[in-house]
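Can you look at this prediction? I've put the sequence above it.
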Amino acid sequence: MIEILTSIFFLIAVIDPIGTVPVYLEATKEFDKIHKRKIAIRASAIAFGILLFFIVIGQLILEGMSVSLDAFQISGGVILFLFALTMIFGDGKPEREKSQITDFKHVTIFPVAIPSIASPGAIMAVVLLTDNHIYTVEQQAVTTLLVLLVIGLTALILLVASSVQERIGSYGITVISKIMGLILASYAVQSILSGISHYFGQV
């Protein structure tokens, strides 16, 4: 039970549903309420499809390139750590992704579904959490359901995005994103240390 709660909290940190709110609001500001709801649901569905693809295929691609588990853990940890640093010290996920919006007619896929929900950090995280060498098929299935749960939570938050931003405020959203970045950085460092210690343990 503790492992499931830990995974849920980690997925919330890396997907950062609250941080997606201002991106979504900016991307959909020219649409009416009906279209905003459709965009929230479709973007969440597309994001889950992207993450599911990497859960199923991601490791096969890496193994086809003869990438070892230790190398994968270390490189994945480094990528997650760099991604976390941009959340902590950068302008923040909301401001960075809001500035990338150039076409308001195709905002469902970019930037709402990717990279706001299915971010590079989220993609790397789900691959690490479903590693075939560490987790059983049952554990991977549970993780996939947890990803679906967090994406569902994200969709619900986006459906009430205006209320969320009014209550928390832009500064509150930025603070939450930076806290999520700190948690993600800790996980990334742990992944790097595990990969290094396992490699030298085999040498």
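Arrived safely.

now the helix or strand where A47 lies: mean pLDDT?
Counting by DSSP states H and E, the element that carries A47 is helix 33-53. For helix 33-53, mean pLDDT is 96.

From the contact counts, what lies against the helix or strand just after that helix?
Using DSSP H and E, the next helix or strand after helix 33-53 towards the C-terminus is helix 59-64. For helix 59-64, the contact count by 3 or more C-beta pairs under 8 Å, 6 or more residues apart in numbering; DSSP states H and E identifies no helix or strand as a packing neighbour. The way it works is simple: take the backbone N, C-alpha and C, and place the C-beta from them, glycine included.

Could you check how far helix 59-64 is from the centre of its chain?
21 Å (C-alpha atoms, centre = their mean, to the nearest Å).

hmm, who's touching the next helix or strand after it?
Following helix 59-64 in sequence order, the next helix or strand is helix 69-89 (DSSP H and E). By C-beta atoms under 8 Å, 6 or more residues apart in numbering, the list of residues contacting helix 69-89 from outside reads 14, 16, 19, 59, 62, 67, 93, 96, 119-121, 124-125, 127-128, 131, 133-134, 177-178, 180-182, 184-185, 187-192, 194-196, 198-199, 202.

try stretch 10-20
80, 87, 92-94, 112, 116-119, 121-122, 125-126, 129, 146-147, 150-151, 153-154, 157-158, 164, 168, 173, 176-177, 180-181, 183-184, 187.

Could you do stretch 177-187 as well?
Residues contacting stretch 177-187 (C-beta under 8 Å, 6+ apart): 9-10, 12-14, 16, 18-19, 80-81, 83-88, 92-94, 121.
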